[in-house]
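Chemist: based on what follows, work out the 3D shape:
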Amino acid sequence: MEGYSAPAKEIGLAYSLFHWGPLPWATYSFLSVAFAYFFFVRKMEVIRPSSTLTPLVGEKHVNGLFGTVVDNFYLVALILAMGTSLGACNAFGN
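Modeler: Numbering: from 1, shown residues only. Prediction:
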């Protein structure tokens, strides 16, 4: 495929919308609404990823081992996501 051709522009636009389009932002807004609900409406003092699961599993489990596992999984996922992004950026030279 030649650079600056019409098919290259179409694929480039589709690729950019795939990564920065409405789908990732919908995911971010879903999680943001969950955190905002518990922080502003329920007036929770501590914002932890596991605290959003309180209605599903109960406060006893959220403050116990299950909550610790969820929080640690969330932290490891964030670190791995940042590492993957930095590694991909380095590999592709952006």
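Chemist: mind giving me the packing neighbours of the longest helix anywhere in the chain?
Modeler: The residue-count maximum for a helix in the chain (DSSP state H) belongs to helix 65-92. For helix 65-92, not one helix or strand is in contact under the criterion 3 or more C-beta pairs under 8 Å, 6 or more residues apart in numbering; DSSP states H and E. Where C-beta positions appear, they are placed from N, C-alpha and C, glycine not excepted.
Chemist: where in this structure is pLDDT low?
Modeler: 17-20, 93-94 (pLDDT under 70).
Chemist: and it, what are its domains?
Modeler: In the domain annotation for the chain, the residue ranges read 1-46, 48-94 (automatic domain parsing).
Chemist: mean neighbour count, these: which tops it?
Modeler: Scoring the domains of the chain by mean neighbour count under mean count of other C-beta atoms under 10 Å gives domain 48-94 as the most buried, with a mean of 12.
Chemist: now that domain, how far from the chain's geometric center?
Modeler: Offset of domain 48-94 from its chain centre (C-alpha atoms, centre = their mean, to the nearest Å): 9 Å.
Chemist: residue closest to the middle of this structure?
Modeler: Of all residues in the chain, the one closest to the mean position by C-alpha atoms, centre = their mean is residue 28, 6.0 Å from it.
Chemist: assign a three-state SS to that one, would you?
Modeler: Classification of residue 28 by DSSP: H, G, I helix; E, B strand; the rest coil places it in helix.
Chemist: for residue 34, see how far away it is.
Modeler: According to C-beta to C-beta, to the nearest Å, residue 28 stands 11 Å off from residue 34.
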